[in-house]
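here is the input, now give the coordinates:
(4 chains)
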Protein chains: 2
Amino acid sequence: MNKGVGILEPRSSIRSVVGYDARMTAVTAPSGRKVPRGRIDKRQAILDAAFTVFARRGYGQSCVQEIANEAGVAKPTVYNHLTDKETLFRHAIEAAADAVMAENLAVVERLREPGDDLRAALEDMAYRMLQVCCGERSRALRRLTYAQAADFPDLIETVQGRTAIRLGEALADRLARLSLSGRLRPGDPAQAAEQLLALLTGPMEMRSRLGTRKVSTAETRTVARAAVDTFLRAYEAAAPGRP
Amino acid sequence: MNKGVGILEPRSSIRSVVGYDARMTAVTAPSGRKVPRGRIDKRQAILDAAFTVFARRGYGQSCVQEIANEAGVAKPTVYNHLTDKETLFRHAIEAAADAVMAENLAVVERLREPGDDLRAALEDMAYRMLQVCCGERSRALRRLTYAQAADFPDLIETVQGRTAIRLGEALADRLARLSLSGRLRPGDPAQAAEQLLALLTGPMEMRSRLGTRKVSTAETRTVARAAVDTFLRAYEAAAPGRP
DNA sequence: ATTAATTTGAACTCACGAGTTCACCAACGG
DNA sequence: CCGTTGGTGAACTCGTGAGTTCAAATTAAT
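Here you go, the predicted model:
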């Protein structure tokens, strides 16, 4: 059936000149890899590029060619590493989810040493968390998973499990300790965490118009302060040190 | 250039038999229309069908043919009423937004006569609102706008303006009255409304996994109760009637 | 240097969907 | 009864993008 397949008369090798620039940068950038496998890890470059492009255009409107260009790689190479467009999407999303999660967890961990001004510590954490959640990667991740919820319902489960749920658990851990040490009133720490997160992300999502509008630093601070204020009114231990 | 255009040799008119059934049902279904205009309002049927299909498949994956089928109408008829696929989308979304909003406003209005048990009134409103927000239409609307935020940024503005923002304002109105009558502590009613809504939708969105999992009635009630509880702890007037 | 694994560009297949055209037709208004 | 109006199915154009193929080029390891 393939009669006109091999119509590739030997072309001049002009292409190689520019085409390999990109690869070279990919080589030098990630410093010294120990992996002795054939070439350098194009795979990572492809995944990064994939997320970038998906974030820019959405899943349906992204074409593999553009991802290849973004990665400085030929299209067949993409298919060589990741079989499908779908596979590409899943791996890119999961990688992004892990990255976002790491940032968030780092922020929550700061509550381990709250200092003696609990309100200040919470406000600090709140503000930093809002910064992460409004970052480009985080917003794109949310948008993409939301958008493809219908097509890849299992993916949403994975992403939620690696981000929102783990974040809630981590925060619940910190709040539980604070209850135990008498700085928050006793109660369900999971619920407290859930509600504090809601008080942060809800108003933020509202003001950023689902991420389409930039929110000023001052406004972000206001949201963080308001959230913590309401949270403490509801959850602070009954009688502080001095009345 | 069109040489093979008119290759429609007069076929037998078999098609008309089944093809017109759909139109007929469309005629008889909506009972007695008073509109004397040419035919029946196919337009509305098309918009309804469009939202149904978009909700089912997402924007990119929906094809106009399927919308036409869903509406019981021919494809050219669709293009006759709505010029574009994009136009189709916008009108369908806006119609859905208005419908969802009407439901939500009706719920908030119930706070006009709160009765003497404020907590019960708030819980009732909260529960009803969660039911609306978890309804198929509401979830689909959220998913679609979120997904297409990049392609139609102005649409998101419109939808938010007609739903979330108006809802916040309406709720703020009610809360302001409650402050004025001394049942809530004085303060910014807009912020109170924003936070109450966040306390409701945030945890709900979490538990429903962005709408991919069904949330039981009991769990919904729990979320509503928890939200109102926290809200009242933070916003109830300092000293109630009897200590 | 030779070899084996990869990468590359370009051209190709294939499927699908937006939007259009056209000949025909059912109902309505006059 | 007849023309107008809006609707209809089917076939068409046209663009786009997923995934594949292949010869040639490039590189890592031996």
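
pLDDT score assigned to A:Ala147?
A:Ala147 is assigned 88 on the pLDDT scale.

pull the number of nearby residues for it.
The number of residues packed near A:Ala147 is 24, by other CB atoms under 10 Å in any protein chain shown. C-beta: built from backbone N, CA, C; applies to glycine.

what sits against it?
Counting by CB atoms under 8 Å, 6 or more residues apart in numbering or on different chains, A:Ala147 touches A:Gly58, A:Tyr59, B:Gly58, B:Arg143, B:Tyr146, B:Ala147, B:Gln148.

tabulate those residues (JSON lines), appending distance to DNA strand C.
Compiled in JSON lines, the contacts of A:Ala147 are given as follows (distance: CB to the nearest atom of the strand, whole Å):
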{"residue": "A:Gly58", "distance to DNA strand C": "15"}
{"residue": "A:Tyr59", "distance to DNA strand C": "14"}
{"residue": "B:Gly58", "distance to DNA strand C": "11"}
{"residue": "B:Arg143", "distance to DNA strand C": "18"}
{"residue": "B:Tyr146", "distance to DNA strand C": "20"}
{"residue": "B:Ala147", "distance to DNA strand C": "15"}
{"residue": "B:Gln148", "distance to DNA strand C": "14"}
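
name the nearest residue to the residue nearest the centre of chain A, ignoring sequence neighbours.
Centroid-nearest residue in chain A, with CA atoms, centre = their mean: A:Val100, separated by 3.2 Å. Of all residues not flanking A:Val100 in the chain, A:Ser138 sits nearest, at 5.0 Å (CB to CB, 6 or more residues apart in numbering or on different chains).

quick one: secondary structure of the one you found?
helix (DSSP: H, G, I helix; E, B strand; the rest coil).

test my guess that it contacts A:Val132.
Yes. A:Ser138 is in contact with A:Val132 according to CB atoms under 8 Å; the separation is 5.9 Å.

now list whatever residues contact both of these two.
Joint contacts of A:Ser138 and A:Val132 (CB under 8 Å, 6+ apart) are A:Val100.

closest one of the contacts of A:Ala147 to A:Met204?
B:Tyr146 (14.8 Å; CB to CB).

after the helix or strand hosting the closest one comes which helix or strand?
Per DSSP states H and E, B:Tyr146 falls inside helix B:136-147. Where DSSP H and E defines the elements, the next helix or strand beyond helix B:136-147 is helix B:153-160.

before we move on, what SS does the closest residue to A:Ala121 other than its chain neighbours have?
Nearest residue to A:Ala121, sequence neighbours excluded (CB to CB, 6+ apart): A:Pro114, at 4.0 Å. Secondary structure, three-state DSSP: A:Pro114 is coil.

what is the longest helix of chain A by residue count?
Once chain A is assigned using DSSP state H, the helix that runs over the most residues is helix A:85-109.

list the buried residues for that helix?
Buried residues in helix A:85-109, counting neighbours by 16 or more other CB atoms under 10 Å in any protein chain shown, are found at A:85, A:88-93, A:96-97, A:100-101, A:103-104, A:107-108.

what does it rub up against?
Counting by CB under 8 Å, 6+ apart, A:46-48, A:50-51, A:54, A:59, A:64, A:67, A:78, A:82, A:125, A:128-129, A:132-133, A:135, A:137-138, A:140-141, A:144-145, A:148, A:152, A:155, A:158-159, A:162-163, A:166-167, A:170-171, A:174 sit against helix A:85-109.

show me the domain layout of chain A.
As given by automatic domain parsing, the domain ranges for chain A are A:38-83, A:93-235.

have a look at A:Ser138 and A:Val132 and say which one is more surrounded.
Per other CB under 10 Å, whichever of A:Ser138 and A:Val132 has more neighbours is A:Ser138, with 21 against 17.

related to what we said a few turns ago, could you check how many residues crowd around the residue nearest to A:Ala121?
A:Pro114, neighbours per other CB under 10 Å, totals 19.

that older thread, separation between the residue nearest to A:Val100 and B:Arg207?
A:Ser138 is 21 Å from B:Arg207, where distance means CB to CB, to the nearest Å.

and A:Arg128, by the same measure?
A:Arg128 is 26 Å from B:Arg207, by CB to CB.

go on, A:Ala224?
Taking CB to CB as the measure, A:Ala224 and B:Arg207 are separated by 24 Å.

who has more neighbours, these two?
Legend: neighbour count by other CB under 10 Å for A:Ala224 and B:Arg207, higher for A:Ala224 (24 against 17).

quick one: what helix or strand has the nearest residue to the more buried one once chain neighbours are set aside in it?
In this structure, A:Ala224 finds its nearest non-sequential neighbour in A:Ala126, 3.8 Å apart by CB to CB, 6+ apart. Counting by DSSP H and E, the element that carries A:Ala126 is helix A:118-133.

list the buried residues in that helix.
A:118, A:121-130, A:132-133.

same check on stretch A:152-166?
For stretch A:152-166, by 16+ other CB under 10 Å, it's A:Phe152, A:Leu155, A:Ile156, A:Glu157, A:Val159, A:Gln160, A:Arg162, A:Thr163, A:Ala164, A:Arg166.

mind listing what the first one touches?
Contact partners of A:Phe152, counting by CB under 8 Å, 6+ apart, are A:Glu86, A:Phe89, A:Arg90.

distance of the last one from DNA strand C?
Between A:Arg90 and DNA strand C the distance, using CB to the nearest atom of the strand, to the nearest Å, works out to 20 Å.

how far away is that residue from A:Ala71?
For A:Arg90 relative to A:Ala71 (CB to CB), the value is 17 Å.

next one: the residue nearest to A:Val100 from DNA strand D, what distance?
For A:Ser138, the distance to DNA strand D - CB to the nearest atom of the strand - is 24 Å.

torsion angles phi and psi at A:Ala150?
phi -70, psi -40 (degrees, to the nearest 10).

measure how buried it is and give me the count.
Using other CB under 10 Å, A:Ala150 has 19 other residues around it.

pretty sure it is touching B:Ser62, no?
No. Assessed by CB under 8 Å, A:Ala150 is found out of contact with B:Ser62, at 10.9 Å.

if anything else comes up later, I'll come back, but that's it for now.
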